[in-house]
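Student: I'd like to go over a predicted model; first the sequence, then the structure.
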Amino acid sequence: MEKELVTISWLLGVRLYDNQTTNNNNSATLFKISTSIGKFFMKRNYIKLNLAWVSLISSMAIFPLNDAMGQLAPNPDFLSGAKSYTYKSDEDISLRLHVFESPNQSLSIKPAIVFFFGGGWRQGRITHFLPHAEYLRNRGMVSILADYRVLNRHGTDARVALSDAKSAIRWVRENSAVLGIDPSKIVAAGGSAGGHLAAATSVVRGFENPKENLSVSSKPNALALFNPGLDLPSRADTRRAVLGDFALEISPLHQLSDNSVPTLIQHGIDDRTVPFSDAESYCQKLEQLGGKCTLFGYEEADHGFFNKGVEDDRWFPITLDRLDKFLVQLGYIDRQE
């Protein structure tokens, strides 16, 4: 019985952590904490306390357990500090954008950045890029967190996610006057699968929603990508549920055919999920086409390295600073004194 309780405590704790972040680098820490608590209670014969501990972790971990069963809970309709809008709705879906307005009143219209969360097109949290959004709103941008459909929440694949991403960019541009946004200064940003979606809105043709006003472009004016999925066919066999036999059609590396838009890529050199070589190949091809691509590689950095909280924020400040400098170079925000 003791071993079973400790095991349950650990498993549920790890699932809880996985739910709170798209990066699993600290799961070992949670393993130790959760297991230690379980053992502490058992050694002192605090059976009721151990059962209470397991019950608490279980209740907090309901969301990720549902995720494992393909029943991912929906992202929230509202976020504190943001104005929330429905950008896409149908009989069975209602997708939201969470808009963080800039307190800077010096400009009547401002540049915008739209963030797409990561999660392998299977899952993901709308708050993934909340720290980035809050930072950039204070730097004079309108920061937007975009929800989109994923496999474990909606039963959809990466093609549907791409269609949603394009709809999000189009909605922001079409409603730029209401949002106080310069429609010629919209950045698409994201990490991992979200990085793929951001890049694909720029370079992949098609996958538009015919019900929308297609005279309004869904193409962003710049890209800011973190360990993005750019070469999809190379990983299609292991992600068939979301990439099927259409990986080539939505692969940014393979669909890149013009000079696209100014692009920043930040990627871990030791990324075991998306090889750094993918980013190198993409930048090389973009530059050959006459485009501008800035690539930063980070030694000893694995997938999701850029997220706040990973390795005690080892990479978060520098990646955020380089994103800031990229936006300064574009003329979207002012240089900091």
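Tutor: Thanks, I have the structure now. Keep in mind the model is a prediction, meaning the values are calculated, not measured. Residues are numbered from 1 along each chain as shown.
Student: hey, let's count contacts and neighbours off CA atoms from now on
Tutor: Noted.
Student: which ones are touching residue 273?
Tutor: By CA atoms under 8 Å, 6 or more residues apart in numbering, the contact set of residue 273 is 302-303.
Student: pLDDT score assigned to it?
Tutor: Confidence at residue 273, expressed as pLDDT, is 95.
Student: i'd like the first residue to be 44 from this point on
Tutor: Noted, 44 is the first residue going forward, which turns the last one into residue 316.
Student: what separates it from residue 354, distance-wise?
Tutor: 18 Å (CA to CA, to the nearest Å).
Student: what are the bridge partners for the residue lying closest to residue 126 once chain neighbours are set aside, then?
Tutor: The shortest distance from residue 126 to any non-neighbouring residue, by CA to CA, 6 or more residues apart in numbering, is to residue 142 (5.1 Å). Beta-bridge partners for residue 142, by DSSP bridges, are residue 126, residue 187.
Student: can you count the residues close to residue 142?
Tutor: Neighbourhood size, residue 142 [other CA atoms under 10 Å]: 25.
Student: how near is it to residue 367?
Tutor: 19 Å.
Student: what does residue 166 give?
Tutor: 28 Å.
Student: can you pull out the strands in the stretch 94-243 of the chain?
Tutor: 126-132, 137-143, 153-159, 185-189, 224-234 (DSSP state E, counting those that start in this stretch).
Student: So which elements touch the third one?
Tutor: Here strand 153-159 is seen to pack against strand 185-189, strand 224-234, helix 236-246 when contacts are counted using 3 or more CA pairs under 8 Å, 6 or more residues apart in numbering; DSSP states H and E.
Student: Mind checking the pLDDT average for the following helix or strand past the last one?
Tutor: Put plainly, it is helix 236-246. Later in the chain than helix 236-246, the nearest helix or strand by DSSP states H and E is strand 265-269. Strand 265-269 carries an average pLDDT of 98.
Student: Follow the chain on from strand 265-269 and name the next helix or strand.
Tutor: Next element after strand 265-269 (DSSP H and E): helix 283-286.
Student: Now do that following helix: distance to the chain's middle.
Tutor: Helix 283-286 sits 18 Å away from the centroid of its parent chain (CA atoms, centre = their mean, to the nearest Å).
Student: residues of that helix that come out buried?
Tutor: 284-286 (16 or more other CA atoms under 10 Å).
Student: Helix, strand, or coil at residue 372?
Tutor: The three-state assignment at residue 372 reads helix, by DSSP: H, G, I helix; E, B strand; the rest coil.
Student: and it, how many neighbours does it have?
Tutor: When counting by other CA under 10 Å, one arrives at 12 neighbours for residue 372.
Student: Would you enumerate the residues in contact with the spatially most central residue of the chain?
Tutor: Central residue of the chain (CA atoms, centre = their mean): residue 160, 1.8 Å from the mean position. Counting by CA under 8 Å, 6+ apart, residue 160 makes contact with 167-172, 189-190, 233-238.
Student: could you redo the last one with a cut-off of 6 Å?
Tutor: Neighbour list for residue 160: 171, 233, 237 [criterion: CA atoms under 6 Å, 6 or more residues apart in numbering].
Student: sorry, back to before: sort the buried residues of helix 283-286 by pLDDT and name the bottom one.
Tutor: Comparing these by pLDDT, residue 284 comes last, at 89.
Student: For the closest residue to the residue nearest to the centre of the chain other than its chain neighbours, which residues are in contact?
Tutor: Spatially, and ignoring its direct neighbours in sequence, residue 160 is nearest to residue 237 (4.9 Å; CA to CA, 6+ apart). Applying CA under 6 Å, 6+ apart to residue 237 gives the contacts 159-161.
Student: Tabulate the residues you listed (CSV), appending distance to residue 209 and pLDDT.
Tutor: Listed next are these as CSV, based on distance: CA to CA, whole Å; pLDDT from 0 to 100:
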residue, distance to residue 209, pLDDT
159, 11, 98
160, 14, 98
161, 16, 97
